[in-house]
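Chemist: Prediction below, plus the sequence it came from.
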Amino acid sequence: MANDATIDEVCVTAIADSFRGDGEILCNPIGNIPVIAGRLAKATFEPAMVMTDTVSVLAANTIPIGEPNAEKLVEAWMPYRDLFDIVWSGRRHIVMGASQIDPHGNQNFAAIGDWKKPKAQLLGLRGAPGNLVNNTTSYWIPNHSTRSFVQKVDIVSGPGYDRVSKLSNEIQQNHEIRKVVSNLGVFNFSNSEKRMQLVSNHPDVTVEEIIAATGFELLVPDKIEETRMPTKEELKLIREVIDPHGLRKSEFVKK
Amino acid sequence: MGCSSVEVVIDKKMTEKEVIEELSDGMTIGIGGWGSRRKPMSLVRAIARSDLKDLTIVSYGGPDIGLLCATGKIRKAIYGFVSLDSIPLEPHFRNAKQEGTIETSELDEGAFYLGLLAAAHRMPFYPTRAGMGSDMLMMNPDIKTIESPYKSSDGEKGEELVAIPALNLDVSLIHMNRADSQGNGQFLGPDLYFDDLFAKAAKCTFMSCEKIIPTEDFLKEGSVHTLKIPRLFVNGVIEAPRGAHFTECPPDYDRDEVFQSEYAASAKDLQSWENFKQKYLEVASHQEYLKAVDSRTQLEESQNG
């Protein structure tokens, strides 16, 4: 690697890049690595975005993760009821997890098996059904394997492009799965079939490894780039300002 | 005394036991709070100890749904999620779900809010896009879609939308930081959640609180914006200090994470559950429960020297 960035930090900047061009919207990442990524994007190239403190206010300053008593520059009150209003306004980009995702971007974190009596009850539908038909969504999947990248998900929490293509114009205009970032690479749906394609492989990961870890036929364009490395400025912000306790390490699953 | 001073003394003070007497088998009960935050736990525990059965529980679920699953009180749970926040999935609820012992209606979190709002406004449903395209409708075959009576942007016909049915409640249980004995409630934390809608969506609402104070003291505690539960939606007030334990109730107290871990571990097997139940549920009152909780921390402190 060109500098001493580790894979978790590469994933942070890959997720941060998904917010490029978003402007004055609610950047709403869920989970440690996505939150670090969102705060990094806001602190660098997307300063107009607003972000919550993950509790109940919008905070204008860059808050370190894992410090509930950190000083906050409060710019708005954001109880859950108002958060739903923002979801429905469409001015939001959420990053969620996925226990399963399929080639069309259908996502499941509800349950494995029959939903009535599942083999494994997971989080549930949560806000995924509403998120996908209202605002931009990206996914962070830290354990890329044939068990998480599957041909067919057991339950659709967040609908993908094949299902949405049958819905109203309004929903089709609202729906966008911007990016999928895993511990192996970066993916999107920017092709005429709206199927998952490889955008870049992370440093030290081969395209063959990614194909082997994917349980469906992944579109692989002729030209694949390597996921970019974080800059020195980004590394400094990640390590010293946003995540001084190294919470990004604990979330990251080594390949 | 320029204006005519008509003072009606209303006293809605009740005990947990008296609330239980107002409930009956098969009722649909809404529970306020959010996940493991400001849940009316002294009332939930009173239900868990009671003979009530076949309840339908409507909640942004946390240990309320978990405890009532573990004690076999629930026939059906209607929820946006069931989480302990720091523990993402409620373990007792997970057991009930995986064993198939309860019926469920799982809604998108925002759709759940619209169901409460519809009930509060006495509307049959509110429309939303949430649920279109996902498996929410497959999992809830009773929920219908409707065609908008207004033409959509492509000019063809009205947009198809999900009609979230009103979540009409027989009873709601909520917990506030402060209340007066007439039934006005005050939240002092960062989020009311949807407690006002739970109160408005129910025929009858019982509100526990950390402390009953005189009406004239409300504005010493917080700004006018914290007074979101007017008494016309409240039928009974229960003073229950630490009544939300082990869920959080800021600024009065944080979540008791140590106790929550103990509670979560009790879902591991039958023996662990029996131990937990005996120690913390099979007690005569909320006061006895708090004694059991405190004797545990005192023991820890003495062990830590």
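Modeler: Perfect, thanks for sending it. Numbers count the residues shown, from 1 in each chain, chains lettered A, B, ... in the order given.
Chemist: In the stretch 151-255 of chain A, which residue sits nearest chain B?
Modeler: At 3.3 Å from chain B, A:Pro159 is the closest residue in the stretch 151-255 of chain A, using Cβ to the nearest Cβ. The C-beta positions use only the backbone N, C-alpha and C, and glycine is treated the same way.
Chemist: residue contacts, the nearest residue to A:Lys152 once chain neighbours are set aside?
Modeler: Leaving aside its sequence neighbours, A:Lys152 sits nearest to A:Asp102 (Cβ to Cβ, 6 or more residues apart in numbering or on different chains; 5.8 Å). If a contact means Cβ atoms under 8 Å, 6 or more residues apart in numbering or on different chains, then A:Asp102 has A:150-153, A:160, A:216 as its contacts.
Chemist: Please check these and keep the buried ones.
Modeler: By neighbour count, with 16 or more other Cβ atoms under 10 Å in any protein chain shown, the contacts of A:Asp102 hold A:150, A:153, A:160 as buried.
Chemist: Helices along chain B, start to end?
Modeler: Secondary structure of chain B by DSSP state H: the helices cover B:16-22, B:41-49, B:63-70, B:91-99, B:109-120, B:136-139, B:195-201, B:218-221, B:257-265, B:270-276, B:286-303.
Chemist: Could you export the ones you listed to CSV, including columns for mean pLDDT?
Modeler: What follows is the helices of chain B, written out as CSV (pLDDT from 0 to 100):
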stretch, mean pLDDT
helix B:16-22, 98
helix B:41-49, 98
helix B:63-70, 98
helix B:91-99, 98
helix B:109-120, 98
helix B:136-139, 98
helix B:195-201, 98
helix B:218-221, 98
helix B:257-265, 98
helix B:270-276, 97
helix B:286-303, 84
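Chemist: which of those is buried the deepest?
Modeler: helix B:63-70 (a mean of 28; mean count of other Cβ atoms under 10 Å in any protein chain shown).
Chemist: tell me what it is packed against?
Modeler: Helices and strands touching helix B:63-70, as assessed by 3 or more Cβ pairs under 8 Å, 6 or more residues apart in numbering or on different chains; DSSP states H and E, comprise helix B:41-49, strand B:55-61, strand B:74-82, helix B:91-99, helix B:257-265.
Chemist: tell me the angle of that helix relative to strand B:55-61?
Modeler: Using axes from the mean of the first three to the mean of the last three Cα atoms, to 10 degrees, the inter-axis angle of helix B:63-70 relative to strand B:55-61 is 140 degrees.
Chemist: so what's A:Ala5 up against?
Modeler: A:229-230, A:235.
Chemist: can I get those residues in CSV with secondary structure, distance to chain B and pLDDT?
Modeler: Listed next are the contacts of A:Ala5 as CSV, based on DSSP: H, G, I helix; E, B strand; the rest coil; distance: Cβ to the nearest Cβ, whole Å; pLDDT from 0 to 100:
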residue, secondary structure, distance to chain B, pLDDT
A:Met229, coil, 32, 98
A:Pro230, coil, 28, 98
A:Leu235, helix, 29, 98
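Chemist: does any part of the helix or strand bottoming out on mean pLDDT in chain A sit near chain B?
Modeler: Ranking every helix and strand in chain A by mean pLDDT, DSSP states H and E puts helix A:247-251 at the bottom, with a mean of 88. No - using Cβ under 8 Å from any Cβ of the partner chain, helix A:247-251 stays clear of chain B, with a minimum separation of 12.8 Å.
Chemist: Residues contacting that helix, please?
Modeler: A:6, A:8-9, A:12, A:31-33, A:36, A:65-66, A:142, A:238.
Chemist: if we go to 10 Å?
Modeler: If you take Cβ atoms under 10 Å, 6 or more residues apart in numbering or on different chains as the criterion, helix A:247-251 is touched by A:6-9, A:11-12, A:31-37, A:64-66, A:140, A:142, A:238-239, A:242-243.
Chemist: Ok, stretch A:54-63 next?
Modeler: A:26, A:28-30, A:35, A:39-40, A:42-44, A:47, A:50-53, A:65, A:68, A:70-80, A:82-83, A:86, A:237, A:241-242, B:37, B:189-191, B:250.
Chemist: Count the residues that sit near residue 204.
Modeler: Using chain A. 11 (other Cβ atoms under 10 Å in any protein chain shown).
Chemist: should've been chain B
Modeler: For B:Cys204, the count of nearby residues is 18 (other Cβ under 10 Å).
Chemist: which residues sit in contact with it?
Modeler: Taking Cβ under 10 Å, 6+ apart as the test, what B:Cys204 contacts is B:19, B:22-23, B:27, B:29, B:169-172, B:233-236.
Chemist: Please name the bridge partners of it.
Modeler: Beta-bridge pairing for B:Cys204 (DSSP bridges): B:Val171.
Chemist: if I look at it, how far off is chain A?
Modeler: Using Cβ to the nearest Cβ, to the nearest Å, B:Cys204 is found at 23 Å from chain A.
Chemist: confidence score at that residue?
Modeler: You'll see B:Cys204 listed with a pLDDT of 98.
Chemist: Which residues are in contact with the residue of the stretch 151-255 of chain A closest to chain B?
Modeler: Here A:Pro159 is in contact with A:104-107, A:128-129, A:132-133, A:165-167, A:171, A:175, A:177, B:131-136 (criterion: Cβ under 10 Å, 6+ apart).
Chemist: Without its sequence neighbours, what residue ends up closest to it?
Modeler: Leaving aside its sequence neighbours, A:Pro159 sits nearest to B:Gly133 (Cβ to Cβ, 6+ apart; 3.3 Å).
Chemist: now do B:Phe194
Modeler: Nearest residue to B:Phe194, sequence neighbours excluded (Cβ to Cβ, 6+ apart): B:Leu116, at 5.7 Å.
Chemist: again, but for B:Pro250
Modeler: Nearest one to B:Pro250, counting by Cβ to Cβ, 6+ apart, is B:Gly189 at 4.3 Å.
Chemist: show me the contacts for that neighbour.
Modeler: Each residue near B:Gly189 by Cβ under 10 Å, 6+ apart is listed here: A:55-56, A:79, B:37-38, B:176-177, B:222, B:226, B:248-252.
Chemist: Which ones among these map onto strands?
Modeler: Counting by DSSP state E, those place B:176-177 in strands.
Chemist: quick one: stretch A:42-60 to chain centroid distance?
Modeler: Counting by Cα atoms, centre = their mean, to the nearest Å, stretch A:42-60 is centred 16 Å from the centre of its parent chain.
Chemist: Could you list the buried residues of that stretch?
Modeler: A:42-43, A:46, A:49-53, A:56-59.
Chemist: For it, list the C-alpha coordinates in CSV.
Modeler: The C-alpha trace of stretch A:42-60 is given here as CSV (Å, rounded to 0.1, in the frame of the first residue of the first chain):
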residue,chain,number,x,y,z
LYS,A,42,-18.7,16.2,6.0
ALA,A,43,-15.4,17.3,7.5
THR,A,44,-13.7,17.3,4.0
PHE,A,45,-15.5,17.4,0.6
GLU,A,46,-19.2,17.6,1.6
PRO,A,47,-19.4,20.3,4.3
ALA,A,48,-23.0,21.3,3.5
MET,A,49,-24.4,17.9,4.6
VAL,A,50,-26.1,17.8,8.0
MET,A,51,-25.6,14.9,10.5
THR,A,52,-27.2,13.7,13.7
ASP,A,53,-25.3,13.0,16.9
THR,A,54,-26.9,9.5,16.5
VAL,A,55,-29.3,10.5,19.3
SER,A,56,-31.6,13.5,18.9
VAL,A,57,-29.9,16.6,17.5
LEU,A,58,-28.2,17.7,14.3
ALA,A,59,-24.6,18.7,15.2
ALA,A,60,-22.6,21.0,13.0
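Chemist: mean confidence score for that stretch?
Modeler: Here the average pLDDT along stretch A:42-60 is 96.
Chemist: and B:Ser50, how far is that from B:Val293?
Modeler: 20 Å (Cβ to Cβ, to the nearest Å).
Chemist: Make sure B:Met41 is actually in contact with B:Ile174.
Modeler: No - using Cβ atoms under 10 Å, B:Met41 is not in contact with B:Ile174, being 11.7 Å away.
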